[in-house]
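[1] Give me coordinates for this.
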Amino acid sequence: MTRRNESVQSLNGTAKAPPRNRLNRFGQFRVFPIYLGLLLAAITSLAPFAWLLCASFKTGDDLFTSTFLPWSHPGRLTLANFSRLFSRNPFGRWMVNSIFLACAQTAIAVTLASLGGFALAKYRFGGRRVIMALMLGTMLLPVQVLMPSTYELMFRLGWIDSYLAILVPGAANVFGLFLFRQAMLNVPDELLQAGRIDGCSELGLWWIIAVPLVRPMIGAFTLLCFTASWNSFLWPQIVLQNEAKYTLPIGLFNMNGQPGFQTDYGVLMAATLLSVLPVVILFFALQRDFIAGLTTGAVKG
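    A predicted model of the protein is given here:
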């Protein structure tokens, strides 16, 4: 009688499910190697930063001859590297220059990319696909190929040794235009039509409706653009000639071989540590939007 009831229940789809504890154990067994691999990858990635932090507070004698950790020999830690950094070099000015250029270039690139992406995604006009294909094709060209012609143009405009030579050529970002175009496609057309009925201008539709809906993409692209501008070295090195206008990458490069053609690696480690901090702070401030922007469209529904 019992077997008959079990068969009837199985046919009716009411058979008992396996215990949850067994399923949870199986799921944890599968997830554990993934978390272990992520933990090892995180330790491997953070190891150079840990060494940089320790090296910034070491003396020159301990930098390469000793591997002590800060908490094992606290009496041997020193702030002399930071004091020599600011006394020998205009590091504060380099930091301000880098922050200004990175913020200005990021703001311009995000604004133009979001406007262009909104236009390509929500307006229908002839040659729209051709324009997008040609702009994406420019991404196949190495940036170094365009530098001679760009330098000649900047020279004719009189922008050499000026921040305009950095901000203007980097204003249009094709990669950002493509990202925002894909993000703007998810903005409902009904909301835009409702805004037009209410008398909202086209620029207002972009600012009031579209921009808040693509906030994760804005956060992700802001972090990418800021990091790229912060680490830019080759083009600023070419167009900037006055030391007072140098950015951090140029300043760190010129610190090699000083003083007396012997690099003070303790000072260089301290400068590198301080130059990393703004990017780290920005990442922690935008990490939620950055992760959400990278995973936009990964889950349907």
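[2] The stretch 201-301 of the chain: helices as residue ranges?
    202-204, 211-213, 215-231, 234-239, 248-254, 265-294 (DSSP state H, counting those that start in this stretch).
[3] nearest to residue 95, of those helices?
    Each of those has some distance to residue 95 by CB to CB; the shortest is helix 248-254, at 6.3 Å. All C-beta atoms are positioned from the backbone trio N, CA, C, and that covers glycine.
[4] Only C-alpha atoms, please: export the closest one in CSV.
    The C-alpha coordinates for helix 248-254 follow below in CSV (Å, rounded to 0.1, in the frame of the first residue of the first chain):
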residue,chain,number,x,y,z
LEU,A,248,52.8,62.6,-11.6
PRO,A,249,53.9,60.0,-14.2
ILE,A,250,56.3,62.5,-15.7
GLY,A,251,57.6,63.6,-12.3
LEU,A,252,58.1,60.0,-11.1
PHE,A,253,60.0,59.3,-14.3
ASN,A,254,62.3,62.3,-13.9
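[5] Tell me which other helices or strands it touches.
    Counting contacts by 3 or more CB pairs under 8 Å, 6 or more residues apart in numbering; DSSP states H and E, helix 248-254 is packed against helix 91-122, helix 234-239, helix 265-294.
[6] buried set for it?
    By neighbour count on 16 or more other CB atoms under 10 Å, the buried set for helix 248-254 is 248-252.
[7] can you put the helices and strands packed on helix 248-254 in JSON lines and add distance to residue 173?
    Conversion of those to JSON lines gives the following (distance: least, CB to CB, whole Å):
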{"stretch": "helix 91-122", "distance to residue 173": "5"}
{"stretch": "helix 234-239", "distance to residue 173": "14"}
{"stretch": "helix 265-294", "distance to residue 173": "15"}
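[8] Out of these, which gets nearest to residue 43?
    Nearest to residue 43, of the helices and strands packed on helix 248-254 and by CB to CB, is helix 265-294 at 17.2 Å.
[9] next one: the closest one to chain centre, how far?
    9 Å (CA atoms, centre = their mean, to the nearest Å).
[10] Check which residues of that helix are buried.
    265-275, 278, 282, 286, 289-290, 293.
[11] Kindly report the same for stretch 126-133.
    residue 132.
[12] which outside residues touch that stretch?
    120, 178, 181 (CB atoms under 8 Å, 6 or more residues apart in numbering).
[13] where does the stretch 51-200 of the chain have low pLDDT?
    65-75 (pLDDT under 70).
[14] rerun at 90
    Flagging of the stretch 51-200 of the chain using pLDDT under 90 yields the residue ranges 51-80, 88-89, 124-146, 170, 172-173, 182.
[15] Going along the chain, name the strands of it.
    In the stretch 51-200 of the chain, no strands are defined using DSSP state E, counting those that start in this stretch.
[16] quick one, helices of it?
    Assigned by DSSP H, counting those that start in this stretch, the helices in the stretch 51-200 of the chain fall at 60-65, 80-88, 91-122, 128-137, 143-157, 164-167, 174-184, 189-197.
[17] So residue 289 sits against residue 221, correct?
    No: using CB atoms under 8 Å, residue 289 is not in contact with residue 221; the gap is 9.6 Å.
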